[in-house]
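Undergrad: What follows is a protein structure lacking sequence information:
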């Protein structure tokens, strides 16, 4: 009887030891991600990012936890939110858009950062180069910066061969706008456009700016991509159509929401690439050794319904190049 008790005790010790080891292994497998988004996390690119993680094998609540921080359109809160994430000590931070990338990089030089939807991380000083970013940051850029302003305005020139004045809406608080815009005037002059520049800081300024552009006889709007122009998605396109102004934007959803033209990268595809960076880092890859990817293709979206309402005939050669036509 005593020998039986000893045997049972030994078995229990082995079982408890196995359970403890299994629990420890399970805990070790639960990776922790901090997500910093601007202006908000619960949007389409977040869904694409999570879907790709799931396809790879990272399932939220099973082997990965995600702590989301977004400023709910109050971008001045980003530095504090980034600091909160750093204090929670995640395995890595995913930063969506330039505003979030800057806040995350300022908050930590140790925790790996994966950037998504940041046009020019090198120009912003976030990385040493695309091929060898160095430091703790890598991910996906959204622009190649090679005569992009010329390509962008060139599409407008094809669609509006007689137009002379274009109103440019930008936000100089956006680092990317400060980097990219200086290339635009020369491209505009080459194409025969005169630019009227509107520097807008708040979403509430947009309606007055569109009215002012119309009063100054602008014949088109060039909308730089920024949260104040993008949410809600149909606000700027609707106001532009009401003013009788054709419009173009870097954001593909702009044309889908009623704008005339969008020309830019597939943001959802780039979010999926960002998820693959997360996978590689969680599996041991070093951030400094992962090159920053750039889009290899830009998509042209044309809203024919909007064109008809504005009395614009889209040239056949432009329609033939379009990746998506909305009728």
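TA: Yes, it's here. Just so it is clear, the model here is predicted, and its values are computed rather than measured.

Undergrad: what's across from the closest residue to residue 223 other than its chain neighbours in the sheet?
TA: Leaving aside its sequence neighbours, residue 223 sits nearest to residue 249 (Cβ to Cβ, 6 or more residues apart in numbering; 4.2 Å). Bear in mind the C-beta positions are built from the backbone N, C-alpha and C, glycine included. Beta-bridge partners for residue 249, by DSSP bridges, are residue 223, residue 262.

Undergrad: Number the residues from 227 up from this point.
TA: With the count now opening at 227, the last piece we talked about shows up as residue 475.

Undergrad: my guess is residue 475 meets residue 455, correct?
TA: Yes - the criterion here is Cβ atoms under 8 Å, and residue 475 meets it with residue 455 at 7.3 Å.

Undergrad: Quick one: residues contacting the nearest residue to residue 440 once chain neighbours are set aside.
TA: Leaving aside its sequence neighbours, residue 440 sits nearest to residue 469 (Cβ to Cβ, 6+ apart; 4.7 Å). By Cβ atoms under 8 Å, 6 or more residues apart in numbering, residue 469 lies in contact with 436-437, 439-440.

Undergrad: Relative to residue 363, how far out is the nearest residue to residue 530 once chain neighbours are set aside?
TA: Distance criterion Cβ to Cβ, 6+ apart; nearest residue to residue 530, sequence neighbours excluded, is residue 553 at 4.8 Å. Using Cβ to Cβ, to the nearest Å, residue 553 is found at 42 Å from residue 363.

Undergrad: Have a look at these two and say which one is more surrounded.
TA: The neighbour comparison of residue 553 against residue 363 (other Cβ atoms under 10 Å) goes to residue 363, with 27 against 8.

Undergrad: Would you check that the more buried one makes contact with residue 513?
TA: Yes - counting by Cβ under 8 Å, residue 513 is a contact partner of residue 363 at 6.5 Å.

Undergrad: got any residues that touch both of the two?
TA: If you check residue 363 and residue 513 against Cβ under 8 Å, 6+ apart, the residues they both contact are 338-340.

Undergrad: Just the buried residues out of those residues, in ChimeraX syntax.
TA: Selection of buried members from the shared contacts of residue 363 and residue 513 for ChimeraX, criterion 16 or more other Cβ atoms under 10 Å:
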select :338,339,340
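
Undergrad: Restricted to strands, list the shared contacts of residue 363 and residue 513.
TA: 339-340 (DSSP state E).

Undergrad: need the shared contacts of residue 363 and residue 513 in CSV with distance to residue 290 and pLDDT, can you?
TA: Converted to CSV, these look like this (distance: Cβ to Cβ, whole Å; pLDDT from 0 to 100):
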residue, distance to residue 290, pLDDT
338, 15, 98
339, 17, 98
340, 14, 98
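
Undergrad: who's in contact with the residue nearest to residue 449?
TA: Contacts for residue 475 (Cβ under 8 Å, 6+ apart) come out as 449-451, 455, 462, 481, 485, 487-490.

Undergrad: One more pass at 7 Å, please.
TA: Residue 475 makes contact with 449, 451, 485, 488, according to Cβ atoms under 7 Å, 6 or more residues apart in numbering.

Undergrad: And for residue 548?
TA: Here residue 548 is in contact with 526-528 (Cβ under 7 Å, 6+ apart).

Undergrad: Compute the number of surrounding residues for the closest residue to residue 345 other than its chain neighbours.
TA: Nearest residue to residue 345 in three dimensions, chain neighbours excluded: residue 369, at 4.0 Å (Cβ to Cβ, 6+ apart). Neighbourhood size, residue 369 [other Cβ under 10 Å]: 20.
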